[in-house]
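Trainee: Have a look at this prediction, sequence included:
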Amino acid sequence: MHKLTDIDAPAAPTISFDQFLAVDIRIGTIVAAEPFPEARKPALKLTIDFGAAIGRKRSSAQITEHYETASLVGRQVAAVVNFPPRQIGKFMSEVLTLGFPDAHGHVVLFKPDHEVPDGARLF
């Protein structure tokens, strides 16, 4: 497992393009965000709309340092949509919401510079 603070770590081992294509990263719009006080580490529960083909999925995201629930609704985010669901306490996280660590290791969400259709795939 990689730490968010591994900024100085070398690049991961080389993978093939087909391996990259196996990771399905999509854009979605957050339609609901709520506190997740039961999580071991501070987190929020997100519901993200990925469009008609994928639908709405839920995600537990450790993003409480930079984001509040009210500011997240309507924001586009990127997520891996083809990992198996992961049980986090009583919550089932269905997608991995993507972000990068700031200088203190706190998650900064990844989003496109311009709005794109929900469900658009990274290539």
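Mentor: Ah, there it is.

Trainee: Distance from the chain centre to the helix or strand containing L46, please.
Mentor: Secondary structure assigned from DSSP states H and E places L46 in strand 44-49. In terms of CA atoms, centre = their mean, to the nearest Å, the centre of strand 44-49 is found 9 Å from the chain centre.

Trainee: all numbers from here: first residue = 44
Mentor: In the new count, where the first residue is 44, that last one comes out as strand 87-92.

Trainee: Within its sheet, name the partner strands of whichever helix or strand comes after it and how each one runs.
Mentor: Tracing the chain C-terminally past strand 87-92 and defining elements by DSSP H and E, one meets strand 99-104 next. Strands that pair with strand 99-104, judged by DSSP bridges, come out as strand 87-92 (antiparallel).

Trainee: contacting residues for P85?
Mentor: Residues in contact with P85 (CB atoms under 8 Å, 6 or more residues apart in numbering) are Q105, T107, E108. Where you see a C-beta, it was placed from the backbone N, CA and C, and this is true even at glycine.

Trainee: ok, 10 Å please
Mentor: P78, F79, Q105, I106, T107, E108 (CB atoms under 10 Å, 6 or more residues apart in numbering).
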